[in-house]
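Novice: Below are the sequence and a predicted model for it; my questions follow.
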Amino acid sequence: MSDAVGTAVSDDPDVQSECGGGESDVRSLKELLRLDVVPRLLLADGRRAELAIRTPHPPAADAGLEDAAVLAHVARLWRGATRFVSGSSDMRMNGVAAGGRSRLTSTVVGWWRACADKEVAPAAWLVWELCYWRDRHSGRKVQIPGVMSAGRVGDGRVRRLFRISGTSLGGRIRYDPVGLELSRRVQRVERELGRLVAERLGRVTDADVAEIVAVQFPRGASNAAQVLADVHDRCSAESARLSADAARGSFIWADEQ
């Protein structure tokens, strides 16, 4: 008898008849959930499908960036962080990133190198310092050297305060609506099968399983698997895009306030 069907109680036909025989043998919920007719939240290769878009935490400062790349990165980050905190983007860093002489060049690069050395995420530091400035110097233009201070990053006491009171960015999970509904339906199937197994002491047929599945998945397990794969691809691609944008200096956390 096939393992997918269950475990025979006896080879004796009379005993099999008494116990139900064939598809009516005692079967566990775990066995039933492995049937091909039952949709699962696993991809074809056995991996669990990704059903949500995940916003990464602010990345660490890349110590390997050349100075010009640091300036371009920080300019993008500064525009997004100032908009996040104050509602409008400060464009002053654009000129620094464009090249030419600027007294801020060494300040910004030195701050970046300090962040890399002390494992401080630049985006998180900017938001913390900008919030501090906004709350204590209302109406005054932000002083860039005060916000991007290598000395403050290097000060252990200040870093501890930052790690304790800094705004938490990233780590957000936004479920795909189609994926969320798919997950709920899979859970409903599991609950109904569990109830049936308990009521019938495990004597559940393939037809019983198919009937329960059809209520939640009228188009069958194959269609559900394709929908699942599409959701996984969509969520994985968007999560990867967010991570890549953050690595380039884009402030991707603008909707987290």
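Specialist: Cool, got the structure. Predicted, not measured: the structure shown is a model, and the values here were computed from it. Residues are numbered from 1 along each chain as shown.
Novice: tell me how far the ends of stretch 152-168 are from each other?
Specialist: 19 Å (Cα to Cα, to the nearest Å).
Novice: ok, which stretches of this structure are strands?
Specialist: For the chain, strands defined by DSSP state E occupy the ranges 52-54, 173-175.
Novice: most centrally placed residue in this protein?
Specialist: R54 (2.2 Å; Cα atoms, centre = their mean).
Novice: Check the strands of the chain for me and report the most buried one.
Specialist: Mean neighbour count, computed with mean count of other Cβ atoms under 10 Å, is highest for strand 52-54 among those, reaching a mean of 18. Where C-beta positions appear, they are placed from N, C-alpha and C, glycine not excepted.
Novice: elements contacting that strand?
Specialist: strand 173-175, helix 220-248 (3 or more Cβ pairs under 8 Å, 6 or more residues apart in numbering; DSSP states H and E).
Novice: so which of the ones you listed comes closest to G156?
Specialist: With Cβ to Cβ as the criterion, G156 lies closest to helix 220-248 of those, at 26.6 Å.
Novice: In the closest one, which residues are buried?
Specialist: Counting neighbours by 16 or more other Cβ atoms under 10 Å, one finds that the buried residues in helix 220-248 are 221, 224-225, 227-228, 231-232, 234-235, 238-239, 242-243, 246.
Novice: just to revisit the earlier point, for the residue nearest to the centre of the chain, which residues are in contact?
Specialist: Contact analysis of R54 by Cβ atoms under 8 Å, 6 or more residues apart in numbering lists G171, R172, I173, S239, L242.
Novice: cool, W128 as well?
Specialist: So W128 contacts F162, S165, G166, T167 (Cβ under 8 Å, 6+ apart).
Novice: In CSV, list the helices and strands packed on strand 52-54 along with mean pLDDT and distance to W128.
Specialist: Below are those laid out as CSV (pLDDT from 0 to 100; distance: least, Cβ to Cβ, whole Å):
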stretch, mean pLDDT, distance to W128
strand 173-175, 96, 23
helix 220-248, 97, 17
